[in-house]
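In: I need the structure of the sequence given here:
(chains A and B)
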Amino acid sequence: EAGVTQFPSHSVIEKGQTVTLRCDPISGHDNLYWYRRVMGKEIKFLLHFVKESKQDESGMPNNRFLAERTGGTYSTLKVQPAELEDSGVYFCASSQGPQGAGGYNEQFFGPGTRLTVL
Amino acid sequence: GEDVEQSLFLSVREGDSSVINCTYTDSSSTYLYWYKQEPGAGLQLLTYIFSNMDMKQDQRLTVLLNKKDKHLSLRIADTQTGDSAIYFCAEKFDSWGKLQFGAGTQVVVTP
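Out: Numbering: from 1, shown residues only, chains lettered A, B, ... in the order given. A predicted model of the protein is given here:
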């Protein structure tokens, strides 16, 4: 069974440009999460989808970030316009549903997209 | 504090035991996790423990939990070169599975 995949693995862009990151979760996983690790610091939560709906987007830094999950399958995270502080590694994770009732909720992570904004 | 905290670096000799420490934040019942990240790979769940437990053992891995001090540790017995990686401690922050991570501990195993 294929794991969580992310594309691209690396992206180098200039400040002010737009970048779109893609995540393909494990087939059948209702829950999809985005996280970000900036400059060797802690990994921070960005948002959580349940199927195609945003359950929690409290970690999104600002309105330059837009996440979508069309049809409850893959997800995209668009940064527009990108700023220097957006550089980091963006991780996607997925888990089986339903959640909300507890449980240890194993999240399967993709390899991440390393974004560098110059 | 509001953060999950970890020491940043650990060097250990092959065959010795490694101990990675973490302090977490939530005082309510929750799950606590240890993830491993090898170069170029995603985070791999190593083990987890529920906050009403004191210890969990899984082959070479032992997790100890001190609820009073909100302190979590991961002990790796007979450390091997393949154990060189970044280890992240994480806390389940809500019932929907949101995780709060530490900054990661870089473990380097030397021959």
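In: Would you mind measuring from the residue nearest the centre of chain A to chain B?
Out: Centroid-nearest residue in chain A: residue A:34, 2.8 Å away (criterion: Cα atoms, centre = their mean). Distance from residue A:34 to chain B, counting by Cβ to the nearest Cβ, to the nearest Å: 11 Å. For every residue, glycine as well, the C-beta is placed using N, CA and C.
In: who touches the host helix or strand of that residue?
Out: Here residue A:34, judged by DSSP states H and E, is contained in strand A:31-37. For strand A:31-37, contacts defined as Cβ atoms under 8 Å, 6 or more residues apart in numbering or on different chains pick out A:23, A:25, A:43-50, A:67, A:69, A:75, A:77, A:88-97, A:99, A:105, A:107, A:112, B:96-99, B:101.
In: So which of the residues you listed are in strands?
Out: Assigned to strands by DSSP state E, the following of the contacts of strand A:31-37 qualify: A:23, A:43-50, A:67, A:75, A:77, A:88-95, B:99, B:101.
In: Quick one, which of those are buried?
Out: Buried subset of the ones in strands among the contacts of strand A:31-37 (neighbour count, 16 or more other Cβ atoms under 10 Å in any protein chain shown): A:23, A:43-50, A:67, A:75, A:77, A:88-95, B:99, B:101.
In: Any chance you could note which residues of chain B sit beside chain A?
Out: Contact residues (Cβ under 8 Å from any Cβ of the partner chain) of chain B with chain A: B:3-4, B:31, B:33, B:35, B:40-45, B:48, B:50, B:88, B:90, B:92-104.
In: and chain A, which of its residues are near chain B?
Out: Chain A has residues A:3-4, A:31, A:33, A:35, A:40-45, A:48, A:50, A:55-56, A:91, A:93, A:95, A:99-102, A:104-112 near chain B, with proximity defined as Cβ under 8 Å from any Cβ.
In: Filter those residues down to just the buried residues.
Out: Buried members of those, counted by 16+ other Cβ under 10 Å: A:4, A:31, A:33, A:35, A:42-45, A:48, A:50, A:55-56, A:91, A:93, A:95, A:99, A:104-105, A:107-112.
In: List the buried residues for stretch B:82-91?
Out: Neighbour-count burial for stretch B:82-91 flags B:83, B:84, B:85, B:86, B:87, B:88, B:89, B:90, B:91 (criterion: 16+ other Cβ under 10 Å).
In: so which of those comes closest to chain A?
Out: The shortest approach to chain A among the buried residues of stretch B:82-91 belongs to residue B:88, at 6.5 Å (Cβ to the nearest Cβ).
In: gap between the closest one and residue B:64?
Out: 17 Å (Cβ to Cβ, to the nearest Å).
In: With residue B:70 instead?
Out: 13 Å.
In: for residue A:22, same thing?
Out: In terms of Cβ to Cβ, residue A:22 sits 39 Å off from residue B:64.
In: Kindly report the same for residue B:43.
Out: Shown here: residue B:43 relative to residue B:64, a distance of 21 Å by Cβ to Cβ.
In: Of those two, which one has the most company?
Out: Neighbours per residue, other Cβ atoms under 10 Å in any protein chain shown: of residue B:43 and residue B:64, the larger number sits with residue B:43, 29 against 17.
In: Excluding chain neighbours, give the residue nearest to residue A:68 in space.
Out: Once flanking residues are discounted, residue A:68 sits nearest to residue A:76: 5.4 Å by Cβ to Cβ, 6 or more residues apart in numbering or on different chains.
In: My read is that the one you found contacts residue A:24, right?
Out: No. Residue A:76 lies out of contact with residue A:24 (Cβ atoms under 8 Å); the separation is 10.4 Å.
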